[in-house]
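In: Quick one: sequence plus predicted model below, questions after.
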Amino acid sequence: MSDAEESPTFEPAAPNTGDEFEPVDVFPDSDDFDLRPGADSCYKCSTCDTNCPVAEVDDDFPGPKFQGPEQWRLKQTDDDYTVDDSIMSCSNCMRCDNACPSGVPLSQMHNTARGEYVSEQMDTLSVEYVRNRILANYRTSAFLASKVPRLANVAMNFGPARWLMEKTLGVTRERDFPEFATQTFREWWADRGGADASRRNARERRERRGEPTDGEKKVAYFHGCYSNYNTPEVGKAMVRVYEHFGYEVVAPEQRCSGTPMFANGMLADARRHAEVNVSSMSDLVEEGYDAVASCTSCSMALRQEYPELFDIDGIEEVAANTFEALEYLRINEDLTGAVREAEVSGDLAREFAYHAPCHARNQGLDRQAVELFRDLEGAGIEDVGESCSGISGTYGWKEEKYEKSMEIGEEMFEHMAHAEGEVGMTECPTCAMQMEHGSGYEIRHPLELLEAALVE
């Protein structure tokens, strides 16, 4: 018998059609199982961790990857797993959302986990909880202070009072409390004549330009807490600039956007405020209005965090029709052309050191002020880098987080010190606090410069 005859015959393996395949049951059956859309897209590249400003200065903080998809998976497989308390060290800057190449909804997962930790694991009688609740509900404190603004300004920055707040509540004494305006934006708005006055002004402007006076140029202004109680000049600039372009402005009933509440895990509080905001804004959206915010954290809350976290009638429509103030004019008007033909003089004929807030970056708005004002005669603008300012709303007001917030902001402070200008600019009120605190510069909002350039 030949060697060929003695060799065994090998048959190719039958293809695996999957008919007899039984998948491994990784997670137990559950009617309410929720992996969050995109969470399973995390492939642990750690880009989110390397872009996290808190992880950069805090060696004990495990980073966005753990706080998001890893912790979420642990909760699905371990019934006894509790949310790690490090979730309270997340500043909610949301830079991880922007960094992730796979679209994992990291900040949504962080907000959800933080809300669960606060509602189920945190001692509501603890100093930390009380402090966080006060900081998160800034609108309540600001409302009370606005009734006696001069007294509040003295009392809040009285040395012994600040020392006492740090010792009893853990609110750092290193920062100066922002001053409350003697007249809030809404008081000015009412005294001026409200929506009726805005309608007259806008129509007069359109008539002067030969535009139709019955057009649909109208916006609902979400001014937020800070522009109402602390910097009404920003709200006034917003109204005057929009009227200059022929827009009729209304300032509907509103509460806090909820941004400080998200950062502190107070989701029940945030939902109560969101319900009011969505209700008033959705009615106006149905009438043809768009929602416009002068604070990038407020526009971020309405257009991203609300629909991610809450199920409220009209929420999707409000989110789809919410814009940041400069963004909206750049979309709908020849704003660049108007600025190029303008000139600014007086107090705002300056060089500005501009910082793009993290929440502006998340909305793709980080370069808009630099691009808009670079051709404005009489003023100059310089971007002071991509770093986070470090304050992240209430994060930098906490005694135990203060030094970390200053470490995060160090790069921005250095860039400001080497910039040509000695006046800062940003759209975010808490970034403005940090910029002023770390550099000593006066800080202005882009809308104020736009008003000085365009409005007679």
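Out: Right, received. Where do you want to start?
In: Which segments of the protein make up each domain?
Out: Domains of the chain are assigned by automatic domain parsing as 39-119, 185-332, 341-454.
In: Of all these, which one is nearest residue 150?
Out: domain 185-332 (13.7 Å; Cβ to Cβ). (Each C-beta comes from the backbone N, C-alpha and C, glycine too.)
In: thinking again about what came up before, wait, which of the domains of the chain is closest to residue 141?
Out: Closest among the domains of the chain, once you apply Cβ to Cβ, is domain 185-332, at 9.2 Å.
In: Quick one: mean pLDDT for the closest one?
Out: Averaging pLDDT along domain 185-332 gives 96.
In: what about the helices in the stretch 151-300 of the chain?
Out: Residue ranges of the helices in the stretch 151-300 of the chain, as given by DSSP state H, counting those that start in this stretch, are 159-169, 185-192, 194-209, 224-229, 232-244, 259-263, 267-286, 296-300.
In: on that earlier part again, for residue 131, which of the domains of the chain is the nearest?
Out: Taking these one by one with Cβ to Cβ, domain 341-454 is closest: 7.2 Å.
In: mind checking how far that closest one is from the chain centre?
Out: 15 Å (Cα atoms, centre = their mean, to the nearest Å).
In: Can you measure across that domain, start residue to end residue?
Out: End-to-end span of domain 341-454 (Cα to Cα, to the nearest Å): 9 Å.
In: Kindly report the same for stretch 51-70.
Out: Where stretch 51-70 begins and where it ends lie 17 Å apart, using Cα to Cα.
In: how far away is the most centrally placed residue in the chain from residue 267?
Out: Centroid check for the chain by Cα atoms, centre = their mean gives residue 297 as the closest residue, at 2.3 Å. As judged by Cβ to Cβ, to the nearest Å, residue 297 and residue 267 stand 16 Å apart.
In: For residue 147, give me phi and psi.
Out: The phi/psi pair for residue 147 (degrees, to the nearest 10) reads phi -70, psi -30.
In: My error: substitute residue 380 in the last question.
Out: Torsion angles, degrees, to the nearest 10, at residue 380: phi -130, psi 160.
In: Contact partners for it?
Out: Contact criterion Cβ atoms under 8 Å, 6 or more residues apart in numbering gives 350-352, 420-421 as the residues in contact with residue 380.
In: Kindly recompute the last result at 7 Å.
Out: By Cβ atoms under 7 Å, 6 or more residues apart in numbering, the residues touching residue 380 are 351-352, 420-421.
In: With residue 382 instead?
Out: So residue 382 contacts 353-354, 419-421 (Cβ under 7 Å, 6+ apart).
In: on that earlier part again, could you tell me which of the contacts of residue 380 count as buried?
Out: 352, 421 (16 or more other Cβ atoms under 10 Å).
In: Mind checking which of the contacts of residue 380 are in strands?
Out: Cross-referencing these against strands under DSSP state E gives 351-352.
In: Of the contacts of residue 380, which is the nearest to residue 94?
Out: Using Cβ to Cβ, those come closest to residue 94 at residue 352, 24.8 Å.
In: That closest one against residue 426, yeah?
Out: No. If you go by Cβ atoms under 7 Å, residue 352 and residue 426 don't touch, sitting 9.6 Å apart.
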